[in-house]
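Trainee: My questions are about this predicted structure, shown below with the sequence.
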Amino acid sequence: MKRILAMLLALVMVFALVACSGGNNSGGNNSGGSGGGSTTKGEEGSIPGVQKTLTIGIASDINELDPQQQNDQINNNCIALTHQPLVFLTNDTNEQVACLAESWEWTDDTHLIFHLVQNATFNDGSPFTADDVVFTFEKAMDPDQSAVAATLQLVESVNKIDEYTVEFVTKSYSNELLAVLAGYPLVILSKAAYESGMDKPYTVGTGRYKFVEWKEGQYVKFERNENFWGDDPGQADEIIFKPILEAASRVAALQSGDIDVCIDPPINMLEDLQKDENITVETRDGTRLFYMGFNCEKEPFTNQTLRQAVACAIDRDMIIEVVLKGLGKAQTTVVNRGVWSFYDEMEGFDYDVDRAKQLLSEAGYSEGELAVTLYVSNAAPYTTIAPIIKQNVEAIGITVNIEQFDEATLKDKCQSGEQQMFLWRWNVIDRLDEIYTELFSTDYATNYHQYSDPYVDEMAVKVLTEKDKETRLQLSQDLQTYLVEACPQVPLYVADLVIAYNKNLQDTYLFGGGNHNWSWAYVSLN
Amino acid sequence: MSEKILEIKDLVVHFETDDGCVKAINGLTLSVGKEKTLGLVGETGAGKTTTALSILNLVPSPPGVIKGGSIELDGKDVLQMSDKELEHMRGNDVAMIFQDPMTALNPVLTVGEQIAESIMLHEHISMKDAFERAKEMLKMVGIAESRAYDYPHQFSGGMRQRVVIAIALACQPNFLIADEPTTALDVTIQAQVLDLMKELIEKNHMSMLLITHDLGVVAEVCNDVAVMYAGRIVEIGSTEEVFNSTRHPYTEGLFDSLPNLKEQGEELVPIKGMMPDPMRLPEGCTFAPRCPYATEACTQTVPELRKMGGTHFVACHAYDDPSFRLRRNANG
Amino acid sequence: MIRYVLKRLLFMIPTILLTSLIIFFAMKIAGGDPVKQILPENATVEQQENLREEMGLNDPLVVQYARYMAGLITGDMGESYVTGKDVLQTFMERLPMTLALGGSALIVACIISVPLGIYTALNQNTWKDTTGMVFALFGVSMPNFWLGLMLMLLFAVKWKLLPSQGAEGPEYLVLPALTVGLGLAALITRTTRSAMLDVIRQDYMTTAKAKGASHRRVIYYHGLKNAMIPIVTAIGMQFSLVMTGSALAEVVFSWPGIGRLVFESIDKRDEPMVTGAIILCCILMSIINLVVDLIYAFLDPRIKAQYSNKG
Amino acid sequence: MSEKKTVSVETLNEYKGRSLAQETWRRFLKNKGAIVGMAFMILLVILACSGDLIYDFQVDITGFSADLSESPSLDHLFGTDQLGRDIFARVIYGTRYSLIIGVGSVALGLVVGLITGSLAGFYGGFWDQLVMRANDILYSIPNIMLAVVIVQLLGKSIGSLLVALSISSATSFAKITRAAVMTIRGQEYVESAYAMGLPTWKIILKHIIPNCLSPIIVQVTLAIGSNIISASSLSFLGVGVPIPIPEWGTMLAEGRTYIVSEPWMCIFPGLAIMFTVLALNLMGDGLRDALDPKLKR
């Protein structure tokens, strides 16, 4: 009996040992002897003066690397390394420039022709041709195979004209189609890879890096694509994305040198980071608009004047000061600052308690009569914004109860219209339809405002299809003025993008909304 | 008088607890001769166990404090020994058998290990060799060698006490302290264990201090008897002397409270009252409050041991009056 | 003994059944609509309906549960809504990490606590006792996440001695293990102390001293061997505390273990992952309890005898 | 030695007529740590009760001022937080929430644990199986995960937090009660009470509960502390006490990103938690020593 026990204990020990070694050597069998996701602090890679590994500490977990099965920013950051779209969105002018397509033209209202680059290859060495493009989009348009089919609703078919020319047939002209095609879910996949029956065929792309491994919850690792077809390949030998969800931990990891880049450092830790001589804190104009929305279908906010009264009660400057320590910009309009046709000159509803009280009585309510609930996510910054809004709105005599949910629940509740007021954000870089259609068009799933107005629906389509730039600008600005007056939401601020990194980090390609492209970045050792 | 193996002089042991000072032993003097067995008799709480522990210098401290006196073992004062000397002495020169065999054995070690430990510690041999010796010891106390691998809970009370005896005798000490070795056992087993002890002591030429409250056991095993009350010896002498010419009223009380099988129908005479609170011992003779013979003088001073002839000593003021006789003796 | 183990394993079945029942229905109620989670927000109603039918979500809950249990028996616990990965496989990938963390935390805790417990017991009711206990209580008096952050700021950021994040080598284990271990120290110190207090008053300790064993030997050989029984029991009884501590440390130190998996899945309402992980946790804990009981038998021959008598 | 102790205590009781409670109290008083702990807890209870007299919830606690993120000064002893709220006021006012959560969850757990534990211990058989299996389950799921699931299920509020936290306490109370009941049930005085025809519930109430009081009292003090800690851990995971209630754990979790720039925002709530839990633990340890006859000297 003792022997049996001894064996059992031995088993337990072996188990524990395996566990330990499993923990210790995970991914340790990789090139250069560097541990799976560890930073090779100061270790030179194959390019002189370039640190071998670039490690990026990210704020949320990567959950999917199949481009068409997702549309999360953090996954897109990874996909941007390994794949390329037809057209590339620049981060300064918000224009689409050549990438896998050399040039393109609308031949008429329903035909868009792309001329493809002829020397491109996938990271497995196979050439890139029109077949891959057709394959990619046919797959993308099939709702059974793709999660982003809805973004291509306008496209009827994609046809191969010759080896390096493809044609998109659309239902109508669209100002936004190019921008859609620049999105990372629609990067070009390798038809050959899919047909070869390989595991994870979606990892084969034309980008500067190659997928190596994904240790769930730990890191995703990429290595430089030595077969890259272009003339500006990646610099760092490896790029590693490491999810560190706890913000304070992420900053600590940057300061201790365990990561080279810290995405989303908490605003209140910036001062300390700025003092650190090894760290650069970069801020640039953001594209993410935070707002408080009303449910326009549910009492009492079916009342437009009441919505305006609440809007007037909110002190945006205070919110920016408290939440962002000033690193953000207030705005009146619903279009994100920086997006083409952004127009902020309308009168709107600035912070004015007297006006708010007056509007409240115009809306037919007396002070102290109303009690409303505000749904918020239990994450930053909403937990900080919510008490301010509560205080602000209660100052005009409307009691506010805050209810907190996790984001998934909050989304659900907002979609089904349970909320009265809610806090949310919307990131838009260049597509107006992402605002007019997705936020304010009748019955659109992400229209959490439950806002429905035939005029807005009609105008949204006009803005999308109007070819004359001047007219379009006018339409868009009129629509903004209209929406601000209708007041389905109180735009609070656009937060600046803040990112902290090793001071030797070079060649970053950052976007104000967070869709960064790290293909060129590296840590210089000089 | 023959040579002494143990001489205790004026031993004072107190327990200094938070509640107050418990005066367990208050100037105890006794001695045990070589190859002799002394029976130490007294009520529960008289300080018998403390005396035994003092001999091994094992009075738990805190709260126990040995305030004064000396304990000479073979001429060496135990109280002056260094830790090393003490460790060497314990188990090797002096061994102890404890009252309750149920708790005296370590439940998580095999009995063989427990016997062997003592041998290993004192004879500096390997555990393996010691274990073989332990088996022999088991055989000596009448337990099959194969049971060396068993744990204490697998033994009955009498068997356990045999194991305890085996532990005590493992290193052939020349002095054995047995603290009520049979109290916790069934009557039938008691006799077996006593016989075994007697036999082994004679065989090994050992001396023994036998602590008990059973006067029958004393009569059977001991050469000498010391009667203890509230931390002092009140009467000491050869078994014959103490039994046949009892001098102290307390000893008399002990005999009177024993049922006598020969004279059926005789009423038992319990000693009235209770042992005094060891924190508040009465002035003078500590037995005075319960003593049927007590006089004014008894509450004044503590009586010294006085010689009553031969090796017989008694501590009682009553003998200031030369004509004093205990009732028991007067009648008998 | 084998029969005893088998019997215990059999006893796990109703526990697992009940757990799965409760968790399954709880998650069905709390989890929200899986279809909305899998499909993009702008999916059509038709798409949603198709998927719902395909996943069998239109069946009564009881049928869904039966189907789930059938899967469970064959080791198929479904796929994550978020990553699409197999639940069992994901759990098994994370399991070694949690075991490594929990195990080393226990070792850390024992290294601190057992000597401290003995020390305080031997000095009962003195200032040494009080100081020792306050020291032991230090870790349990603050939330684990907070302790972890403090340790990280000191050891990783300020002194740059240890890595702050991740799980790529033994050195990465130090800070999380220390965090969890300090949290457990109070419990083990307390148990050790009272077990030792109990043990040092036992007669067999006097027997050992009377044999001539040194103070050290008496305490560490005779005493500790007996005191280990309540200590191991306490650890076994509180294994959920180890898991809780690890779970929080995993979040702070980005340690890819089960705790983090569960929290993140709950946050994303990844229903199959949460349901599966919690059922698997339950099985894991039952096995750990069994192992603790066996260790217990190993330490205490009286218990061992009981088992062999029973079966 | 052991006989000596019994004698001295028995005689003491006889001479001075001290009850067991008095004896325990006297022993408790000898433990310095326990006294400090108890004094601190009394202070906290006073603070918790008087919070409303000193502060106005709307103005001082949830209302913010222009003094954003100020370091500790004479005006603001503990500084102010990111919304300009006085941290001293919030910590003082928060006492009640932390205590309510700690005490409330333990009380809830205690009631459930006592009832189920006595049922299981007294009736055995089916009840015992039922309670013990339920305990097994609750016990095989790590507390914090269970709590997160429960809060998720019931929605984020103090009430659901109480329920979530009480579950882990309930299991340990049920276990203690059951074990105590099972030992005591077989004892003669209970059997004689039974023989005298006392109804079961009365026997449980009169004979059994008082006899398992001491482990329960100790467990209560310790559980209050650990539940306060658990509450803050839940806040860290985003399912704690809803804002803007100034519960310590929430403040600590909220303030953790300010640890470098404005450390006072999390240090003071952190210290409040630490001292409270430390005090409770010292008190619990003192009680354990005082109540356990084995551990007397």
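Mentor: Good, I have the coordinates.
Trainee: Kindly report the domain assignment for chain C.
Mentor: Annotated domains of chain C cover C:8-73, C:87-310 [automatic domain parsing].
Trainee: Could you check the first one against chain D for contacts?
Mentor: Yes - in this structure, domain C:8-73 sits against chain D according to C-beta under 8 Å from any C-beta of the partner chain; the contacting residues are C:14-15, C:18-19, C:22-23, C:26-27, C:29-30. To be clear about C-beta, it is placed using only N, CA and C from the backbone, and glycine gets the same treatment.
Trainee: Inside strands: which ones of those?
Mentor: Judged by DSSP state E, the subset of the residues of domain C:8-73 next to chain D located in strands is empty.
Trainee: of all the residues you listed, which comes closest to chain A?
Mentor: residue C:30 (8.6 Å; C-beta to the nearest C-beta).
Trainee: quick revisit: go through the domains of chain C and find the least confident stretch.
Mentor: Among the domains of chain C, domain C:8-73 has the lowest mean pLDDT, at a mean of 82.
Trainee: That domain: end-to-end distance?
Mentor: 18 Å (C-alpha to C-alpha, to the nearest Å).
Trainee: Which residues belonging to the helix or strand hosting residue A:159 are considered buried?
Mentor: If you go by DSSP states H and E, residue A:159 is part of strand A:155-162. In terms of neighbour count (16 or more other C-beta atoms under 10 Å in any protein chain shown), strand A:155-162 has its buried residues at A:155, A:158-160.
Trainee: Among the residues you listed, which one sits closest to residue B:323?
Mentor: residue A:155 (135.0 Å; C-beta to C-beta).
Trainee: where's residue A:414, which helix or strand?
Mentor: Counting by DSSP H and E, residue A:414 is part of helix A:407-415.
Trainee: quick check, stretch D:206-216 touching chain C?
Mentor: No - judged by C-beta under 8 Å from any C-beta, stretch D:206-216 stays clear of chain C, getting no closer than 11.6 Å.
Trainee: got the end-to-end distance for that stretch?
Mentor: The first-to-last residue distance of stretch D:206-216 comes to 16 Å (C-alpha to C-alpha).
Trainee: same check, this time on stretch C:149-163
Mentor: First residue to last in stretch C:149-163 (C-alpha to C-alpha) measures 13 Å.
Trainee: Are it and chain D in contact anywhere?
Mentor: Yes - Stretch C:149-163 lies within reach of chain D by C-beta under 8 Å from any C-beta, at C:149, C:153.
Trainee: so residue A:442 sits in a helix?
Mentor: No - counting by DSSP: H, G, I helix; E, B strand; the rest coil, residue A:442 is located in no helix; its state is coil.
Trainee: The closest residue in space to it that isn't next to it in sequence: what secondary structure?
Mentor: Leaving aside its chain neighbours, residue A:442 sits nearest to residue A:452 (4.2 Å; criterion: C-beta to C-beta, 6 or more residues apart in numbering or on different chains). Per three-state DSSP, the local secondary structure of residue A:452 is coil.
Trainee: residues contacting residue A:452?
Mentor: A:296-297, A:442-443 (C-beta atoms under 8 Å, 6 or more residues apart in numbering or on different chains).
Trainee: so residue C:110 touches residue C:189, yeah?
Mentor: No - Residue C:110 is beyond contact range of residue C:189, at 10.0 Å (criterion: C-beta atoms under 8 Å).
Trainee: what about the two, which has more around it?
Mentor: residue C:189 (31 against 19; other C-beta atoms under 10 Å in any protein chain shown).
Trainee: Now neighbour count too, for the contacts of residue A:452, in a markdown table please.
Mentor: Converted to a markdown table, the contacts of residue A:452 look like this (neighbours: other C-beta atoms under 10 Å in any protein chain shown):
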| residue | neighbour count |
| --- | --- |
| A:296 | 22 |
| A:297 | 12 |
| A:442 | 13 |
| A:443 | 8 |
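Trainee: could those go into CSV alongside pLDDT?
Mentor: Converted to CSV, the contacts of residue A:452 look like this (pLDDT from 0 to 100):
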residue, pLDDT
A:296, 94
A:297, 92
A:442, 90
A:443, 86
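Trainee: from those, which is closest to residue D:103?
Mentor: residue A:297 (43.4 Å).
Trainee: Show the contacting residues for that closest one.
Mentor: By C-beta under 8 Å, 6+ apart, the contact list for residue A:297 reads A:417, A:450, A:452.
Trainee: Out of the residues you listed, which is nearest to residue C:216?
Mentor: residue A:417 (73.4 Å).
Trainee: neighbours around that closest one, how many?
Mentor: 15.
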